[in-house]
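Undergrad: Next one to model:
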Amino acid sequence: MGHYVPKFTPGAAITLQASAEIVGGRLVEVSGSGTVATGADDSAKIVGVAGFDAATGDKLTVYPKSGGVHSVVAAGAITAGAKVAAAVDGEVQTIGAKTNAIGIALTAATADQDVIDVLFI
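TA: Here you go, the predicted structure:
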């Protein structure tokens, strides 16, 4: 192969297919070949944040987690500066006993469903 151009450039949105219903603004994880689903608790397969609501089989814009800052829904109180992991329903939670840190909270959440800024790692 003489020339190479990446399929997606770092930080740019990518397009994948929803393997289940997905809510926009929630974490998504790899669920199969070229497909994503809503992120699960402490998932090691989180690839980014859904750009909009999608039904099963829809093409979906995903904003990749690689080094970006994303506004995501908190599953409870989170202190700014805390490491976070995926929580159920594509939300984020303080890492606590979880093992798959996905980012660092840049802003705090005082309650469940607050939207916070997370720097993905």
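Undergrad: where does the chain dip in pLDDT?
TA: 1, 5-11 (pLDDT under 70).
Undergrad: got the contact list for the residue nearest to the spatial centre of the chain?
TA: Most central in the chain under Cα atoms, centre = their mean is residue 27, positioned 2.9 Å from the mean C-alpha point. Going by Cβ atoms under 8 Å, 6 or more residues apart in numbering, residue 27 touches 38-39, 43, 46, 48-50, 72, 86, 90-92, 102. C-betas here are computed from N, CA, C, even on glycine.
Undergrad: So which residues of this structure form strands?
TA: Applying DSSP state E to the chain gives strands spanning 14-18, 27-32, 35-38, 46-50, 59-64, 69-73, 83-86, 92-94, 101-105, 115-120.
Undergrad: Distance to residue 2 added to the ones you listed, as a markdown table?
TA: As requested, those are exported to a markdown table (distance: least, Cβ to Cβ, whole Å):
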| stretch | distance to residue 2 |
| --- | --- |
| strand 14-18 | 25 |
| strand 27-32 | 31 |
| strand 35-38 | 32 |
| strand 46-50 | 30 |
| strand 59-64 | 28 |
| strand 69-73 | 37 |
| strand 83-86 | 40 |
| strand 92-94 | 43 |
| strand 101-105 | 37 |
| strand 115-120 | 34 |
